[in-house]
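[1] just a sequence and a predicted model for now, questions to come.
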Amino acid sequence: MRPGLFRLPLLAGCLVLAGCGALDRGVFSPAGPIAEAIRDEFVLVSLILLFVIGPVLILVPLVAWHYRLSNTRSAYRPQWGFNWPLEGLIWIPPIAIVVVLAVFLWRDTHTLDPYRPLPGAAALEVQAVAMDWKWMFIYPEQGVATVNRLVIPAGRPVHLSLTSATVMQSFLLPRLAGQIYAMAGMRTQLNFAAYAPGRTLGENMQFNGMGFQKEKFAVDAMDAAGFAQWLAATRAEPNRLDAAAYEALSHRSVLPAPLAFGTVEPDLFQHVLDLSQPSGHALDLRHFGPLRNSMPMETATHAH
Amino acid sequence: MTPDPVAPALRHAGLNLRHASREEAEQVESDVFGFWVFLMSDAVVFATLFALFGTSLEATAGAPDLRAVVKLGPAFIETMLLLTSSFTFGMASIEFSRVHRLTRRHQRLAVRWLLVTWVLGTAFLGMEVNDFVTMAHNGATADRSFFLSAFTVLVGTHGLHVLTGVIWLPLMLLQLAGLGLDRPLKVNLIRLSLFWHFLDIVWIAIFSVVYLQGALR
Amino acid sequence: MLTETHGVAHVLLGNLTWAALPFVRAWRDPNVSEIIGTGAGAVVILGAIAMFALVTWLGKWRYLWTEWFTSLDHKKIGIMYVVLAGVMLARALVEAVLIRTQQAVAINAPGYVEPGHFAQLFTTHGSIMVFFMAMPFLTGLINYVVPLQIGARDMAFPYMNSVGFWLTAAGAALMMVSLAVGEFSTGGWSGYPPYTELAFSGGVGPDYWIWAISLSSLGSMTVGINVACTIFKMRAPGMNFMRLPLFCWTSLCTSILMIFAMPPLTAVTLLLAGDRYLGMHFFTDDGGGNMMNYVNMFWLFGHPEVYILILPAFGVYSEVISAFSSKELYGYTSLVLATMAIAVLSFTVWLHHFFTMGQGADVNAVFGIATMTIGIPTGVKIYDWIFTMFRGEVRFTPSMLFSIAFLVTFTLGGFTGIILATPPLDYAVHDSLFLVAHFHNMLIPGTLYGMVAGYMFWFPKAFGFRLNERWGRIAVACWVPGFFLAFFPLYLLGLAGMARRTQAVFDPAFRPWLYAALLGALLMISGLVTLFVQLYVSIRDRAANRVPVGDPWDARGLEWSVAAPPPEWNFATIPHVGDRDAFYWRKRNKGAYRAADHYRDIVLPKNSACGVVLGVASGLCCFGLIWHIWWMALLFGLLAVATIIVRPFMRDVTRVIPAVEVEAVDRAWLAQAHAARPVPREEEQSSLNQGLAEGFPELVAKRA
């Protein structure tokens, strides 16, 4: 074989190896029990499905090649169009496989329901407000808030309540849990936990405008001491998350760095939910100026 | 070529369609069937609007709600107008379907029934427009809440359909006067009658789901 | 004047200003992104001018008008639909390459396409591919083939056929105009509010989307009614339902889906228009609006829509695999039952498009199980096609190669579909590139390969000469590996958490996969180029490859029993059908290529300009609505209504082809058939093939 023939597969192989680091970023590298359960289910379903696709992948090239026109040794039965045993084989195993999958589906959809609380210690309550193009996290019991950074205690369940200040968004922590939409005027929930201290990524998956690709944040899981330290440091922050600060954040913008607020207006999340925050909802955004570098059309006032 | 006798299907199509060749009979069957299919798709549109209406009942955002907006009296009169118009259209259809001899007398009677239908339909529309104007006076406009939007669009879409019928009918009469009662016109009349009765049925649903529900809440 | 108009100018021009032109925007803010936008706008304008100039120079306006635009012939309309699809496919593929390129270069870098333009790119790419490429393509094939396969002369409603085409063309025109005047929506092909509401998208973009989609969906509704009525009412005598070719079965189910699925889309886009134009509160954040209603209604349309896209392709595969395996379809009854099951079940699964919207586990699980259930009839069909090849004689024509590639690739996509049907797994990969890879895995190897295979299969019938086979194989060689390279990396990226519709990437680990995806996209667009080259070469060599007798593949359906191209009236006499695979048995039983006992006058519809006028008027009315040029919307809206009103008053709408002419044409063709040399299957790709299959040469009727 010519040596040059190896170059392409070698190059491809290198690329594959270099790129396999990508799998570290998501559910196949779980950092919490929910993500791990999702990964395990993925593997289970894939293995079961091999029984369905395997025969197809084998039969298609085999049959097509064996019965090619130039193969005079293959049988030719132009009117062969039905066979009861074969029909049984075609219909019954797929039905059986779907029944098996359905059983697992029913069980796991209930177990992995995002609204289902995790067993174990009492959950940490966090409230998330999806904004354009940032995420606000309010810790109602601790009275602090952050923007674009979610700090949680490792090994302890977190109960997240979500809403949106603007359009529909989709909250995903790829290595920790599944997705849940955040919608204005509505409260959705997500229960998850991180196994161990460390940093992972969180993001919005539902397109919401010109800053969408940058709407990512860090998720920092800390051990008990680290979390307490962070809490104390945050409480010492001078900023207060009140109506004025909320309004300033409501402008469409991408923040250069995460923010922290030492005090939070009580029931802020409920006010946002009830659409009783004047800014940050539909109509009011019309009065805010356009983001620099956006198209002139995009946020222009709509002349009637 | 001797004309085939009237195909059994065409005797029941509602109008007198004599002396049709096989191809023409098939085309008429096709035309009427196609219109039924269109009505089914229209029914799906109404179904989605009913579903939206159902989810909107609580979303009043401080603006008038169903009870405030619904007046059973006028709605009842509108229902009677529309039901009667369906009856009169049926009478017109009967006159048109005199199989053996469609005399000028039958045709004149049919036209008169159609005119009555038209008047009733227009009266229905007039009352409905009046209803919406009254609502606007009371601040119950579609741009105030999801509920009012859903109400306006559900009732309004039906109204627009009736308007289409109210325009279609005199056009039929115009064709009758200008081109005579030929096969294409007869098929068109069958389609209009189906349309008219369909709108009647949708109105019954609206009356029940919107007006009765509003009055009984 | 740049951003707002006042007074008289405002009344005349609505919101139209100089700033609507991309050239002006690029002048004010020259950067690569704006220049690309300008280029696109320029292509539209210059392209339109060039086309006009070319047609004028060739003196072909009268020909185009009388032979094509005003024709009510299903064959002409079918071809026009496919041409429209081809043009839009080219545009949308270029957009795909731009998207792939941006994602490959914008790794911790700004890339060359701004977020606003990028968002328009993915929105137009999706909207065009679904509504203005796939729908017209399948409508075109159905339009051309179904009447021929059922032994009819035309569709049930030829005038409505023309109207449907021109409405769709008007929608496509709006999409093209949006490149040169204004901008398009940035909300994706699904246009979710509240993002597409006025408050968050205040420009004309979503309005372009609303009206283009509305025109297309109205057109599709007429197609659904037309095809369903045609198949129910216009079958040749003796063709009962269980003798229908599979392509007609799938067309019937597709049309039923269109009838029931397009109305929710029409409703939901018009309701969004109500929100944007009349201040209503269906889906707004305030006033009690609820975006979840939009999501439900859109997918109530959207899921049957994807089955509308795939079922005709399944029909094509049935025809192609049977023809090129030289064998009858295996499991005809199962295939019919499976098709009907898919059509019915497609209405029960829409929720799987938004498992993550917060419904309870019970609801999610029920819909997940329903979704998996659709996999059963689909799997049955795959196996039925495999066993059609079994004990056959398989010929690897390009159509057949696409079909075989489909069998393997689509099954892999089905695998990922079951993954997505499982709610907990969907939670991890929803709205990620995994989802994007899955649906492209269904649409490209499923729908697109099917459409291209159908195009290649029936091209000789429509135009009378075969396509160049070598270039067809090159096309397969580009598309099939190109698809794998472009989309399988996306599965991995989705599992890594990369979102869809994202203009920039911040993780270098994604780089090699995005490069591979770009390479794949380039391969696929090369595949499109080879298809155009194939067309050019085939036209250039057409004299050598003519198949006038009409049956180049020794196939089985009635469409092959007429000349290529068929006469305008399709059949000199309507055939009486005694069997499934009617033409095949006729060939076998000495019944093919016989003159009729008695020729009759044939009544055909006259040409009509009404469809064209209706389409143009609707398009202009919508343009007025988009830009708030109210006089324009009113004027052309009334013109459209007037056309609808005037048409029924016309009485002189048919013409008669005298029996003498029918007989002359038929006998001339039969003479050709009897003079032609039949070819065995091994030689069907050579220029010896005149369209007469050898099959059973001694059984071809000797007497005229």
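    Happy to help now that I have it. Residues are numbered from 1 along each chain as shown, chains lettered A, B, ... in the order given.

[2] contact partners for the residue of the stretch 251-400 of chain C found nearest chain B?
    Residue of the stretch 251-400 of chain C nearest chain B, by C-beta to the nearest C-beta: C:Gly288 (2.9 Å). Just so you know, the C-beta spots here come from the backbone N, C-alpha and C atoms, and that holds for glycine as well. Neighbour list for C:Gly288: B:56, B:58-61, B:145-147, C:281 [criterion: C-beta atoms under 8 Å, 6 or more residues apart in numbering or on different chains].

[3] which phi and psi does the nearest residue to it once chain neighbours are set aside have?
    In space, and not counting its chain neighbours, C:Gly288 is closest to B:Ala59: 2.9 Å by C-beta to C-beta, 6 or more residues apart in numbering or on different chains. The phi/psi pair for B:Ala59 (degrees, to the nearest 10) reads phi -90, psi 70.

[4] these two touch, right, B:Ala59 and C:Asn290?
    Yes - contact criterion C-beta atoms under 8 Å: B:Ala59 and C:Asn290 qualify, at 6.8 Å.

[5] name the residues contacting each of the two.
    With C-beta under 8 Å, 6+ apart, B:Ala59 and C:Asn290 have common neighbours B:Phe146.

[6] please identify the helix or strand for the residue of chain C found nearest chain A.
    Minimum separation of chain C from chain A (C-beta to the nearest C-beta) falls at C:Tyr427, amounting to 2.4 Å. According to DSSP states H and E, C:Tyr427 maps onto helix C:423-429.

[7] A:Ile138 too?
    strand A:134-139.

[8] residues touching the nearest residue to B:Met135 once chain neighbours are set aside, list them.
    Closest residue to B:Met135 apart from its sequence neighbours, by C-beta to C-beta, 6+ apart: B:Val69 at 6.0 Å. When contacts are counted by C-beta under 8 Å, 6+ apart, B:Val69 is found next to B:135, B:140, B:148, B:151, B:214.

[9] wait, a helix at C:Leu16?
    No - assignment of C:Leu16 by DSSP: H, G, I helix; E, B strand; the rest coil gives coil, placing it outside any helix.

[10] pretty sure it sits against C:Met632.
    No - at 9.9 Å, C:Leu16 does not count as touching C:Met632 under the criterion of C-beta under 8 Å.

[11] got the residues of the stretch 101-250 of chain C near chain B?
    C:156-157, C:221, C:224-226, C:228-229, C:232-234 (C-beta under 8 Å from any C-beta of the partner chain).

[12] model confidence for C:Leu345, exactly?
    We have a pLDDT of 96 for C:Leu345.

[13] ok, it to C:Thr371 distance?
    9 Å (C-beta to C-beta, to the nearest Å).

[14] so who does the closest residue to chain B within the stretch 151-300 of chain A touch?
    At 9.4 Å from chain B, A:Leu275 is the closest residue in the stretch 151-300 of chain A, using C-beta to the nearest C-beta. Listed by C-beta under 8 Å, 6+ apart, the contact set of A:Leu275 reads A:184-185, A:281, C:285-286.

[15] could you rerun that using 10 Å?
    A:163, A:165, A:184-185, A:281-282, B:61, C:285-288 (C-beta atoms under 10 Å, 6 or more residues apart in numbering or on different chains).

[16] any chance of these in TSV, plus distance to C:Tyr317 and pLDDT?
    TSV is the format used below for the contacts of A:Leu275 (distance: C-beta to C-beta, whole Å; pLDDT from 0 to 100):
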residue	distance to C:Tyr317	pLDDT
A:Thr163	47	94
A:Ala165	49	90
A:Ala184	45	90
A:Gly185	47	88
A:His281	50	44
A:Ala282	47	40
B:Ala61	52	83
C:Asp285	46	87
C:Asp286	49	84
C:Gly287	49	87
C:Gly288	48	88
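
[17] now, among those residues, which is nearest to C:Val55?
    A:Ala282 (48.3 Å; C-beta to C-beta).

[18] just checking: what are the partner strands of the strand holding A:Ile138?
    Strand A:134-139 has the following sheet partners, assigned by DSSP bridges: strand A:124-131 (antiparallel), strand A:144-147 (antiparallel).

[19] how about those strands in CSV, adding mean pLDDT and distance to C:Ala617?
    As requested, the strands paired with strand A:134-139 are arranged in CSV below (pLDDT from 0 to 100; distance: least, C-beta to C-beta, whole Å):
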stretch, mean pLDDT, distance to C:Ala617
strand A:124-131, 96, 43
strand A:144-147, 97, 52
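
[20] mean neighbour count and distance to C:Ala693 for these - can I get that in CSV?
    As requested, the strands paired with strand A:134-139 are exported to CSV (neighbours: other C-beta atoms under 10 Å in any protein chain shown; distance: least, C-beta to C-beta, whole Å):
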stretch, mean neighbour count, distance to C:Ala693
strand A:124-131, 23, 64
strand A:144-147, 24, 73
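
[21] for C:Phe488, which of the ones you listed is the nearest?
    strand A:124-131 (31.7 Å).

[22] quick one: contacts for C:Val43?
    C:50, C:91, C:94, C:176, C:179-180.

[23] now the two most distant members of the residues you listed.
    Farthest pair in the contacts of C:Val43, by C-beta to C-beta: C:Ala50 and C:Val94, 17.3 Å.

[24] how much space between B:Thr88 and chain C?
    Distance of B:Thr88 to chain C, given as C-beta to the nearest C-beta, to the nearest Å: 23 Å.

[25] what's the overlap in contacts for C:Leu16 and C:Met632?
    In contact with both C:Leu16 and C:Met632: C:623-624, C:626, using C-beta under 10 Å, 6+ apart.

[26] among the residues you listed, who's most crowded?
    C:Ile626 (27 neighbours; other C-beta atoms under 10 Å in any protein chain shown).

[27] read off the pLDDT value for residue 173.
    Answering for chain A, as no chain was given. pLDDT at A:Leu173 comes out at 97.

[28] sorry, should have said chain C
    For C:Ala173, pLDDT reads 97.

[29] same check, this time on C:Val306
    C:Val306 is assigned a pLDDT of 97 by the prediction.

[30] please apply the same query to B:Leu10.
    Per-residue confidence (pLDDT) for B:Leu10: 55.

[31] can you pull out the strands in chain A?
    Chain-ordered strands for chain A, with DSSP state E as the definition, fall at A:124-131, A:134-139, A:144-147, A:149-153, A:158-164, A:169-172, A:180-182, A:188-192, A:198-204, A:216-222, A:240-241, A:259-261, A:263-264.

[32] turn those into TSV, columns for distance to C:Val656.
    Below are the strands of chain A laid out as TSV (distance: least, C-beta to C-beta, whole Å):
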stretch	distance to C:Val656
strand A:124-131	68
strand A:134-139	72
strand A:144-147	78
strand A:149-153	78
strand A:158-164	66
strand A:169-172	62
strand A:180-182	62
strand A:188-192	67
strand A:198-204	66
strand A:216-222	71
strand A:240-241	82
strand A:259-261	81
strand A:263-264	84
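
[33] pick the most buried one from those.
    With neighbours defined as mean count of other C-beta atoms under 10 Å in any protein chain shown, those peak in mean count at strand A:169-172, which reaches a mean of 28.

[34] of the contacts of A:Leu275, closest to C:Trp61?
    Nearest member of the contacts of A:Leu275 to C:Trp61, counting by C-beta to C-beta, is A:Ala282, at 50.1 Å.

[35] get me the contact residues on chain B for chain A.
    B:Ala61 (C-beta under 10 Å from any C-beta of the partner chain).

[36] for chain C, what's its nearest residue on chain B.
    Nearest to chain C, among the residues of chain B, is B:Ala59, at 2.9 Å (C-beta to the nearest C-beta).

[37] pretty sure that residue is touching C:Met280, no?
    No - look at B:Ala59 against C:Met280 with C-beta atoms under 10 Å: they stay out of range, at 11.9 Å.

[38] anything in contact with each of those two?
    B:145-146, B:148-150, C:287, C:289.
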